[in-house]
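Colleague: sharing a model prediction with you, sequence too.
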Amino acid sequence: MHAQREGHRGSATPPVPHSPAAQHQRRVTSFRSRRSALTEAQQEVWDRLWPSLGRAALTEPVQTLNPAAWFGRNAPLIVEIGCGTGTSTFGMARAEPEFDVIAVEVYRRGLAQLLNAIDRSSQETAVSNIRLIRGDGVDVLEHLIAPATLTGVRVFFPDPWPKSRHHKRRLLQPATLALIADRLCPGGVLHAATDHAEYAEQIAEAGDAEPRLRRAQPGESLPISVKRPTTKYETKAREAGRAVTELIWIRPGG
């Protein structure tokens, strides 16, 4: 993460106002730096589909998204933060074609794999209700999503940052949960899952403390599905003896 250089006191040039991109540079992020070169086949699909299905999070000028224009219809909207390779995104979007889904991921290779799945679907039953954003999920929620517009937010297996000194980098902190609650419409759902027991406790405590959210009751009818496809990561976690905790909240009022 690069520090933003501060203007010198007494300088004749006034400081430049901070853009959302500069704010992102200063904020502690919840993801690690990785190289994500694409294969030749992935690059071909990326070049063909990304212009219509994808965008970067903080292009200038930063403007709130118009989902109806991007998807070409008006439909309830779900945002998945940290979609990885898109296994859950694709499976759940295909099962719920009545919803539009925005998949957010910082790693280009993961988004490329999701684009490949979408491309392959066009040869069978096309999945056309997914759009992709490359960037930080907090930036997307803060700058691109209007308040009270999301029917669902999904966060599956965020990096647990297990060392105590790294806990500040965890995604699902009270401030992020407050932002998610603000972006959910009345009746909207936050669905999180983790295989890290201590992180699950922290998420549960923070979510239960957010006044605009209430915990979903077992068997309660929800506006979106909370049935997830099992990913390779989850299979490995279960084989290693790590239990998966599902955490579901609703913004009351729907």
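Modeller: Noted; the coordinates are in hand.
Colleague: next, the buried residues of stretch 42-51.
Modeller: Across stretch 42-51, burial judged by 16 or more other Cβ atoms under 10 Å covers Gln42, Val45, Trp46, Leu49, Trp50. No exception for glycine: its C-beta is placed from N, CA and C like everyone else's.
Colleague: stretch 97-114 now?
Modeller: So stretch 97-114, judged by 16+ other Cβ under 10 Å, has buried residues 99-114.
Colleague: what about Gly110, helix or strand, and which?
Modeller: Per DSSP states H and E, Gly110 falls inside helix 108-121.
Colleague: can you show me the CA trace of that helix as CSV?
Modeller: Only the C-alpha atoms of helix 108-121 are listed here, as CSV (Å, rounded to 0.1, in the frame of the first residue of the first chain):
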residue,chain,number,x,y,z
ARG,A,108,-7.9,-10.3,-12.1
ARG,A,109,-7.4,-14.1,-12.5
GLY,A,110,-10.4,-14.8,-10.4
LEU,A,111,-12.5,-12.5,-12.4
ALA,A,112,-11.2,-14.1,-15.6
GLN,A,113,-12.3,-17.5,-14.4
LEU,A,114,-15.8,-16.1,-13.8
LEU,A,115,-15.8,-14.6,-17.2
ASN,A,116,-14.9,-18.0,-18.7
ALA,A,117,-17.8,-19.6,-16.9
ILE,A,118,-20.2,-16.9,-18.2
ASP,A,119,-18.8,-17.4,-21.7
ARG,A,120,-19.2,-21.2,-21.6
SER,A,121,-22.8,-20.7,-20.4
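Colleague: what about the helix or strand that it is followed by, average pLDDT?
Modeller: Proceeding N to C from helix 108-121, the next assigned helix or strand is strand 130-134, under DSSP H and E. Regarding strand 130-134, the rounded mean pLDDT is 97.
Colleague: what's the answer for stretch 156-164, then?
Modeller: For stretch 156-164, the mean pLDDT works out to 89.
Colleague: what's the first-to-last distance across it?
Modeller: One end of stretch 156-164 sits 21 Å from the other (Cα to Cα, to the nearest Å).
Colleague: and that stretch, what's buried?
Modeller: For stretch 156-164, the buried set under the neighbour-count rule, 16+ other Cβ under 10 Å, comprises Phe156, Phe157, Pro158, Asp159, Pro160, Trp161.
Colleague: next one: stretch 234-246 to chain centre, how far?
Modeller: Distance of stretch 234-246 from its chain centroid, counting by Cα atoms, centre = their mean, to the nearest Å, is 21 Å.
Colleague: returning to what we had before: looking at the buried residues of stretch 42-51, which is nearest Ala243?
Modeller: Of all the buried residues of stretch 42-51, Ala243 sits closest to Gln42, with 33.7 Å by Cβ to Cβ.
Colleague: you'd agree Ile145 is up against Arg183?
Modeller: Yes: look at Ile145 against Arg183 with Cβ atoms under 8 Å: they come within range, at 5.0 Å.
Colleague: who touches both of these two?
Modeller: Residues touching both Ile145 and Arg183 (Cβ atoms under 8 Å, 6 or more residues apart in numbering) are Val79.
Colleague: rewinding a little: can you put the buried residues of stretch 156-164 in TSV and add secondary structure and distance to Glu80?
Modeller: What follows is these, written out as TSV (DSSP: H, G, I helix; E, B strand; the rest coil; distance: Cβ to Cβ, whole Å):
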residue	secondary structure	distance to Glu80
Phe156	strand	7
Phe157	coil	11
Pro158	coil	11
Asp159	coil	15
Pro160	coil	18
Trp161	coil	20
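Colleague: mind listing what Ala193 touches?
Modeller: Counted by Cβ under 8 Å, 6+ apart, Ala193 has contacts Val155, Phe156, Phe157, Arg228, Val244, Thr245, Glu246, Leu247.
Colleague: bridging residues for Gly152?
Modeller: On the basis of DSSP bridges, Gly152 is bridged to Ile78, Val189.
Colleague: heads up, I number from 25, so please use that
Modeller: Noted, 25 is the first residue going forward, which turns the last one into Gly176.
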